[in-house]
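Participant: what would the 3D arrangement of this be:
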Amino acid sequence: MKSHIHWLAKAITLSFISSIAFANSTDIIKGVNYDPIHSLEFAKGMGLDNYDIMKAAIFMDLDRLALLRRTSPDFKNINQIKTFDSIYFSSHLTSRPQVQLDIAKVVAEWNAKKENADYQISLALGVREFESPWNGCGDNCKNLTQIEVNAAISAAIDAAKTHSNLINRIIVGNEDIKNDEIRGRLSKDIALIKTALAQAGFTIPVGTAQEYGEVAQMLDPSSAAYAKYQEITKNVDFIGANIYSFWAGTSSNDATIAFETSWTDLARAADRQAAYTPSKQALPLIVTEEGWPSGGIFKDDSIKAPQPYQFKSYLYYWIKRLNLVPMSYFFELFDRLPSANEARQLPDQNIESYWGIFAADRTSSIVDDLNKPFDKTKGHLIISFHNQIISYSIPRAASLYACPDDWNSQIKWQDDCYPLYGIAGPVAYLSNDSADIKANSVRNILIDTSGTIYKSLLISYYDDDNGTKLVPVCHINFSALQKLTDHATVTLQGGNLDGSCLI
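Facilitator: Purely as a prediction, here's the structure:
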């Protein structure tokens, strides 16, 4: 999902759709989008290069979904999750080896637990098409990017062979077809996966997930982009459309009608496009993302912020909807931690963080009580960190490290502590996924003040222009963390390593 994408305004009047053949209600399949990086526990595992912590965090997420299915009859058949990645790597910032987590393997292990026998989960496995992090980064950078892509592809193929009963489809790429670099390899990667599976005797469908507007162009021979998308269209077994009435500028009252109009238009376009294919068969379509945000604010006061009741209304429309979309994945299972890219654009971009059925810390669901705000776990607070660290008269970018105890000389901070969100270092510093707090900037970060995940924060700054040399400068110990309140502003200053960072 990308909030800066706005579709062309569509007529809200619902087209007559009964002439189009849709799936029988008994064939309707529904699932939820899922990404484990929402949780502080998963970030800790990434940062400490610890596979067991990463795996345990995913188990906690799947346990929460199972509880929802067990206690809320409307959700009992939500037994599929869709991922964006086939593998997750730890940060490799410690002296320990970097770990690789295969999401399919972890889900299979969760399914195998006796207590989960009645709540088995199947998987729509995502394969991320990584983009080179810098413009004009050169051949070496692109080669490193291709290594990441190859690893994701290999993991998906291996998972499909090993867990063929678990994986129902593979989705290569997500909202990236407009990127020339990615589009140039997307068709090849899809063909590579399909060939490998076919040679091994598997028939798992392989497709891609793209924004509504791009899918419409993929299916419209009169569109300017049709020709350049055909190399992809002819290789996929299906196309997934991400359809958001919210980002189309539709009011919440008209959200469901707008969705149905958009879906019907795509289905008809697929029927028309079939005449241009050798098989004369319409390309199968599914909905890979849909939903409505429950919170967040805009800079523009004229635009009303989304409300929980709007989210719940759309969620139950999605749950109850029959005989229209054969397969749909709700976006998403958990609210997200504000990413670095969103933090730089707050408040508008934090809308992206509030689409989950559950809060980021898993503790409350909008399903439980519409009128009750999400209650974060005790000690989970969103804090605005204002970086005013200066070294040699130069403002410096800072990074927050979580440590197991109050700062003391025995702590080996590069092994015992880890950056929040589990990422840091030169690549993160220069890319859009940076965990850093830029010089003279403010960043919102979800932290733990309960002492259950970590006990203190160690603040470091970058002592060079390339973002490669981290220097620990001060700390925020447990007693100071406990005094913080939700949405407080904390100003960071340089100082003695044994002194507090707080002004």
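
Participant: so, low pLDDT: which residues of the stretch 351-500 of the chain?
Facilitator: Low-confidence segments of the stretch 351-500 of the chain, defined by pLDDT under 70: 364-378, 421-435, 464-468, 494-499.

Participant: ranges for the strands of it?
Facilitator: Under the criterion DSSP state E, counting those that start in this stretch, strands of the stretch 351-500 of the chain are mapped to 380-387, 390-391, 394-395, 398-403, 418-419, 442-448, 456-462, 470-476, 489-492.

Participant: which of the ones you listed sits closest to Gln281?
Facilitator: Relative to Gln281, the nearest member of these by CB to CB is strand 442-448, separated by 47.3 Å. Heads up, the C-betas are built off the backbone N, CA and C, glycines and all.

Participant: quick revisit: closest one to Glu41 among the strands of the stretch 351-500 of the chain?
Facilitator: Among the strands of the stretch 351-500 of the chain, strand 442-448 sits nearest to Glu41 (CB to CB), with 9.6 Å.

Participant: hang on, the earlier thing: okay if I get the strands of the stretch 351-500 of the chain as CSV plus mean neighbour count?
Facilitator: Conversion of the strands of the stretch 351-500 of the chain to CSV gives the following (neighbours: other CB atoms under 10 Å):
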stretch, mean neighbour count
strand 380-387, 20
strand 390-391, 14
strand 394-395, 13
strand 398-403, 24
strand 418-419, 26
strand 442-448, 20
strand 456-462, 25
strand 470-476, 22
strand 489-492, 17
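
Participant: mind putting those strands in a markdown table, distance to Asn168 included?
Facilitator: Shown next, in a markdown table, are the strands of the stretch 351-500 of the chain (distance: least, CB to CB, whole Å):
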| stretch | distance to Asn168 |
| --- | --- |
| strand 380-387 | 34 |
| strand 390-391 | 53 |
| strand 394-395 | 51 |
| strand 398-403 | 37 |
| strand 418-419 | 35 |
| strand 442-448 | 33 |
| strand 456-462 | 42 |
| strand 470-476 | 43 |
| strand 489-492 | 45 |
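
Participant: how is this structure divided into domains?
Facilitator: When the chain is parsed with automatic domain parsing, its domains come out as 25-353, 380-492.

Participant: pick out the shakiest of those, pLDDT-wise.
Facilitator: Ranked by mean pLDDT, those bottom out at domain 380-492, with a mean of 78.

Participant: coming back round to it: closest one to Asn50 among the strands of the stretch 351-500 of the chain?
Facilitator: Closest among those, using CB to CB: strand 418-419, at 9.1 Å.

Participant: just the strands in the stretch 101-250 of the chain please.
Facilitator: 122-127, 167-174, 206-211, 238-242.

Participant: quick one: contacts of the longest one?
Facilitator: Contacts with strand 167-174, where a contact means CB atoms under 8 Å, 6 or more residues apart in numbering, come from 80, 82, 84, 104, 122-129, 156, 159-160, 182, 186, 189-190, 193, 204-210, 237-238, 240, 242, 288.

Participant: go again with 6 Å.
Facilitator: Contacts to strand 167-174, defined as CB atoms under 6 Å, 6 or more residues apart in numbering, come from residues 84, 122-127, 129, 156, 160, 186, 189-190, 204-206, 208-209, 240.

Participant: and what of the shortest one?
Facilitator: Identification of contacts with strand 238-242 by CB under 6 Å, 6+ apart yields 171, 205, 207, 209, 211-212, 215, 266, 283-289.

Participant: sorry, back to before: could I get the domains of the chain as CSV with distance to Ala360?
Facilitator: Below are the domains of the chain laid out as CSV (distance: least, CB to CB, whole Å):
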stretch, distance to Ala360
domain 25-353, 4
domain 380-492, 7
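
Participant: which of those sits closest to Arg362?
Facilitator: domain 25-353 (4.7 Å).

Participant: now the strands of the stretch 101-250 of the chain in CSV, with distance to Pro73 and mean neighbour count?
Facilitator: As requested, the strands of the stretch 101-250 of the chain are exported to CSV (distance: least, CB to CB, whole Å; neighbours: other CB atoms under 10 Å):
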stretch, distance to Pro73, mean neighbour count
strand 122-127, 20, 25
strand 167-174, 24, 24
strand 206-211, 29, 26
strand 238-242, 28, 24
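
Participant: ok, longest helix in this protein?
Facilitator: helix 138-162 (DSSP state H).

Participant: how far away from the center of its chain is it?
Facilitator: 19 Å (CA atoms, centre = their mean, to the nearest Å).
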